[in-house]
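1. Sequence and predicted structure below; questions after.
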Number of protein chains: 2
Amino acid sequence: MKTSSFLVCFLVLFLFSCKETHQPKAMDLANATLVDLSHSYSKETVYWVTAKEFELDTVFAGQTDKGYYYAANNFATAEHGGTHIDAPIHFAEGKQTVDEIPLKKLVGSAIKVDVSKNAKNNPDYLVSIDDLKAWEEKHGIQIPEGSIVLLETGFAEYYPNRVKYMGTDQRGDDAVKLLHFPGLDPEAATWLVENRNIHSIGIDTPSIDYGQSQYFKTHVILMTNNIPAFENLTNLNQLPEKDFTIIALPMKIKGGSGAPLRIIGVVN
Amino acid sequence: MKTSSFLVCFLVLFLFSCKETHQPKAMDLANATLVDLSHSYSKETVYWVTAKEFELDTVFAGQTDKGYYYAANNFATAEHGGTHIDAPIHFAEGKQTVDEIPLKKLVGSAIKVDVSKNAKNNPDYLVSIDDLKAWEEKHGIQIPEGSIVLLETGFAEYYPNRVKYMGTDQRGDDAVKLLHFPGLDPEAATWLVENRNIHSIGIDTPSIDYGQSQYFKTHVILMTNNIPAFENLTNLNQLPEKDFTIIALPMKIKGGSGAPLRIIGVVN
């Protein structure tokens, strides 16, 4: 073999190696930044105004008579409170329960649409088709096939101040009409379902429908299409607008309409 | 530059590229197999014989008077039941609560030590130092720094048959002495703590201490060293013995001694 053949050989091998190294979906966990997007559960945790709030009961905490320390608690909660997932069955009869959601819809490539400049001071803000298209224009690509889409309104900053975060600290049926916080416009939900094949969606407010919603159309549109929603997210400002991974693992409640969710972003 | 210099240049670049490409921690999520290692929560879920079992209460399920379908539940449970995590504070005063465990201890490279051949038919089996050393000998490496270590006893196959899985279907204080299932020998826990820097540990039985344990020494040793334990795992037989990733995300209970855990294996 001639020297020039050696050179070509090495060049081909080198380029091939580079191609593999730059695969967009490969995640270097050892050197990645893990961003916790979950609020913790406590007496402070924000729930829907009609929902059962979080209760923690100490079963034992202290030295046992056998000489070792021991601590354990029981807890009770609504499925939908704090950082949680809405399974499709929450608003769509016969669709997936929380234990039935395929892991591939909960773990994967994500994008973030930052509407905080417009939404932060408008508690009735609806994330629009234009907001989604603006992301696409800015980044020069369509929302990629199979994306997990996160909507950043900036409202996590108000959490857990209920008046600022959701418009009221009153509870019960009469408080529902006092709710004010941003959500996804039902028209934008329809546009996503019809034009972009997304895996799941998340928002940093109490609900994917805005506070003043009466018919929860965004929920119905998404969930009829088996798209789960993550609600009450936090720390979205620590994520880039693309090229990161979401890992969203809900408690596996058999037949559950939703569940507490631990969700993290992986940024390389 | 001479031809030989070119060659050396390419060789160096090629080897450098190879090094990057073969980094063990890079995870190709798009093409990976995701293995769910979690049992679901229901009336069947296995709890410690003295612990509060899982209760799900339907709040609503059906058509609302506004014309849309809606389903929601409340639930109540002990922190320690089904597939769950023991936070260090469970058996070590002042150590990390479940919300304080760093994400880096819950997400990362893992190994599996398969002792099912010996443990499957011996419900008092203790995973030994020799079992851990046998893994190292077989694979020609030490248990890597920062590993998540999973112990496969094969007992998940019996779940949720309580008599087969844990030795008894009786409940209450008197049932504790009837518990029989494999666990990690306290001597092996000590060996791990003193000789291998692991991030966390998991097992496919109800507890990291075996059923006949009286002083829960393995818990105390691990948790005094801030090593959390994953219990009641399943599907470990779908994982290789090395070169895979574990993602273990517990419900973020503020001050919790443990929590329901959704845990998956990522196999490339």
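-> It's in.

2. what ranges do the strands span in chain A?
-> A:26-28, A:33-36, A:55-63, A:69-78, A:84-86, A:107-114, A:126-127, A:148-152, A:183-184, A:200-203, A:229-231, A:244-250, A:258-267 (DSSP state E).

3. Columns distance to residue B:33 on top of those strands, output as a markdown table?
-> Using the backbone N, CA and C atoms, a C-beta is placed for each residue, glycine as well. Output for the strands of chain A, formatted as a markdown table (distance: least, CB to CB, whole Å):
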| stretch | distance to residue B:33 |
| --- | --- |
| strand A:26-28 | 15 |
| strand A:33-36 | 22 |
| strand A:55-63 | 36 |
| strand A:69-78 | 32 |
| strand A:84-86 | 22 |
| strand A:107-114 | 11 |
| strand A:126-127 | 34 |
| strand A:148-152 | 19 |
| strand A:183-184 | 32 |
| strand A:200-203 | 20 |
| strand A:229-231 | 23 |
| strand A:244-250 | 15 |
| strand A:258-267 | 18 |
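
4. Between those strands, which one is closest to residue B:206.
-> Of all the strands of chain A, strand A:69-78 sits nearest to residue B:206, with 13.9 Å by CB to CB.

5. got a list of what residue A:114 touches?
-> Residues counted as contacts of residue A:114 (CB atoms under 8 Å, 6 or more residues apart in numbering or on different chains) are A:152, A:236, A:241.

6. Could you tell me how many residues sit around the second one?
-> It refers to residue A:236. By the other CB atoms under 10 Å in any protein chain shown criterion, the neighbourhood of residue A:236 contains 23 residues.

7. distance of it from residue A:204?
-> According to CB to CB, to the nearest Å, residue A:236 and residue A:204 sit 5 Å apart.

8. which residues are common contacts for these two?
-> In contact with both residue A:236 and residue A:204: A:152, A:156, using CB under 8 Å, 6+ apart.

9. Give me whichever of the strands of chain A is most buried.
-> Among those, strand A:183-184 has the highest mean neighbour count (mean count of other CB atoms under 10 Å in any protein chain shown), at a mean of 30.

10. okay but residue A:91 is in contact with residue A:217, surely?
-> No: look at residue A:91 against residue A:217 with CB atoms under 8 Å: they stay out of range, at 9.4 Å.

11. So which of the two has more stuff around it?
-> residue A:91 (27 against 18).

12. In contact with the closest residue in space to that one that isn't next to it in sequence, which residues are there?
-> Leaving out its chain neighbours, the residue that sits closest to residue A:91 by CB to CB, 6 or more residues apart in numbering or on different chains is residue A:219, at 4.0 Å. By CB under 8 Å, 6+ apart, the contact list for residue A:219 reads A:86, A:90-91, A:207-209, A:229, B:68.

13. follow-up on the earlier one: going by distance to residue B:146, which of the contacts of residue A:114 wins?
-> Using CB to CB, residue A:236 comes nearest to residue B:146 of the contacts of residue A:114, at 28.2 Å.

14. From what I see, the closest one and residue A:152 are in contact.
-> Yes: proximity of residue A:236 to residue A:152 meets the contact threshold set by CB under 8 Å, at 4.1 Å.

15. Report the set of residues contacting both of the two.
-> With CB under 8 Å, 6+ apart as the test, residue A:236 and residue A:152 both reach A:112, A:114, A:204.

16. Among these, which one lies nearest to chain B?
-> Checking the shared contacts of residue A:236 and residue A:152 against chain B with CB to the nearest CB, the nearest one is residue A:204 at 15.7 Å.

17. What sits closest to residue A:192 if chain neighbours are left out?
-> residue A:198 (5.8 Å).

18. typed the wrong thing, it's residue A:162
-> residue A:169 (4.0 Å).

19. since we're on that neighbour, how many residues are nearby?
-> Count around residue A:169 with other CB under 10 Å applied: 15.

20. Likewise for residue A:168?
-> 17.

21. Please list all residues in contact with it.
-> Contacts of residue A:168 (CB under 8 Å, 6+ apart): A:49, A:162, A:175, A:178-180.

22. Could you dump the strands of chain A into JSON lines with mean pLDDT added?
-> JSON lines is the format used below for the strands of chain A (pLDDT from 0 to 100):
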{"stretch": "strand A:26-28", "mean pLDDT": "69"}
{"stretch": "strand A:33-36", "mean pLDDT": "97"}
{"stretch": "strand A:55-63", "mean pLDDT": "98"}
{"stretch": "strand A:69-78", "mean pLDDT": "98"}
{"stretch": "strand A:84-86", "mean pLDDT": "98"}
{"stretch": "strand A:107-114", "mean pLDDT": "97"}
{"stretch": "strand A:126-127", "mean pLDDT": "98"}
{"stretch": "strand A:148-152", "mean pLDDT": "98"}
{"stretch": "strand A:183-184", "mean pLDDT": "98"}
{"stretch": "strand A:200-203", "mean pLDDT": "99"}
{"stretch": "strand A:229-231", "mean pLDDT": "99"}
{"stretch": "strand A:244-250", "mean pLDDT": "97"}
{"stretch": "strand A:258-267", "mean pLDDT": "98"}
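
23. from memory residue A:197 sits against residue A:144, does it?
-> No: using CB under 8 Å, residue A:197 makes no contact with residue A:144, being 9.2 Å away.

24. quick one: contacts for the residue nearest to residue A:204 when sequence neighbours are not counted?
-> Distance criterion CB to CB, 6+ apart; nearest residue to residue A:204, sequence neighbours excluded, is residue A:156 at 4.1 Å. Counting by CB under 8 Å, 6+ apart, residue A:156 touches A:204, A:233-237.

25. Look at residue A:197 and residue A:144 and report which has more neighbours.
-> residue A:144 (17 against 14).

26. Next one: the more buried one from residue A:171, what distance?
-> Distance from residue A:144 to residue A:171, by CB to CB: 41 Å.

27. Please apply the same query to residue A:200.
-> 29 Å.

28. Check residue A:240 too.
-> Taken as CB to CB, the span from residue A:240 to residue A:171 is 37 Å.

29. who does whichever residue of the stretch 101-250 of chain A sits closest to chain B bridge with?
-> Nearest residue of the stretch 101-250 of chain A to chain B (CB to the nearest CB) works out as residue A:249 at 3.7 Å. On the basis of DSSP bridges, residue A:249 is bridged to residue A:262.

30. which ones are touching it?
-> A:106-107, A:261-263, B:247, B:249, B:262-264.

31. Could you do residue A:33 as well?
-> Here residue A:33 is in contact with A:266-268 (CB under 8 Å, 6+ apart).

32. so what's the residue lying closest to residue A:173 once chain neighbours are set aside up against?
-> Leaving aside its chain neighbours, residue A:173 sits nearest to residue A:50 (6.1 Å; criterion: CB to CB, 6+ apart). Neighbouring residues of residue A:50 by CB under 8 Å, 6+ apart: A:171-173, A:175-176.

33. Weed out the non-buried ones from those residues.
-> Among the contacts of residue A:50, those scoring as buried are A:175-176 (criterion: 16 or more other CB atoms under 10 Å in any protein chain shown).

34. Just send the contacts of residue A:50 back as a markdown table, with pLDDT too.
-> Output for the contacts of residue A:50, formatted as a markdown table (pLDDT from 0 to 100):
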| residue | pLDDT |
| --- | --- |
| A:171 | 98 |
| A:172 | 98 |
| A:173 | 97 |
| A:175 | 98 |
| A:176 | 98 |
